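J.: Quick one: sequence and predicted model below, then my questions.
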Amino acid sequence: MARAIKILILAFAVPMLYACGTLKDPVVVKNSSISDYKYVYITPTKELSSSTSGAYMGQNGVMYGSTESKSVNPSDVIAGALIKKGFIIIPELSPELQNKTLIANYGESGRRKKGLGDTIEVTIQFISAKSYETVCSCTAEGQGSTEADDIRIAINRAMSALFK
């Protein structure tokens, strides 16, 4: 009996330890200072939805299920982080503000298996509205209970690294 309990504990502990691996460190590339800018135009993104579900057996043999759905719009998460840092989000590019305006672009730049789930890596690029040259970019990965969580976590990690 004790041997069976030890095997059962190992069967659950090993995958849990494997799943506890760390995320890759965020990468920030700065070609010039982002603090030279006041306004940001964020390229629109689509809302992404994801869900997880599970089934559970009750004590009386009845099967129960649950589903969790989440959504995220990457441009909203990026806007929130920039507003918090004092930037002004503009709804369209304006020629009279181009010297002080950044354009923010978002993209998913990778995925990898980690433990029992996947991570999603995102890259956020900031370019000058005047010259269209890259001012800086930040890349990070995230892992949560849904893909929407992965993206939100990755964006927040990337933006935090940018403003360190």
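T.: Sure thing, it's come through.

J.: Which neighbouring elements make contact with the host helix or strand of residue 79?
T.: Assigning secondary structure by DSSP states H and E places residue 79 in helix 74-84. Under the contact criterion of 3 or more CB pairs under 8 Å, 6 or more residues apart in numbering; DSSP states H and E, helix 74-84 touches strand 39-42, strand 88-89, strand 101-114, helix 147-162. In short, each C-beta sits where N, CA and C put it, glycine included.

J.: try 6 Å
T.: The elements that helix 74-84 packs onto, with contact taken as 3 or more CB pairs under 6 Å, 6 or more residues apart in numbering; DSSP states H and E, are strand 39-42, helix 147-162.

J.: buried set for that helix?
T.: 74-75, 77-79, 81-82 (16 or more other CB atoms under 10 Å).

J.: For stretch 40-59, buried residues please.
T.: 40-42, 45, 48, 50.

J.: Same question for stretch 132-148.
T.: Using 16+ other CB under 10 Å as the test for burial, stretch 132-148 gives 135-144, 146-148.

J.: same deal with stretch 85-93?
T.: Counting neighbours by 16+ other CB under 10 Å, stretch 85-93 gives 87, 90 as buried.

J.: Kindly report the same for stretch 152-164.
T.: 152-159, 162.

J.: now stretch 101-118
T.: Applying a neighbour-count criterion of 16+ other CB under 10 Å, the buried positions in stretch 101-118 are 101-106, 114.
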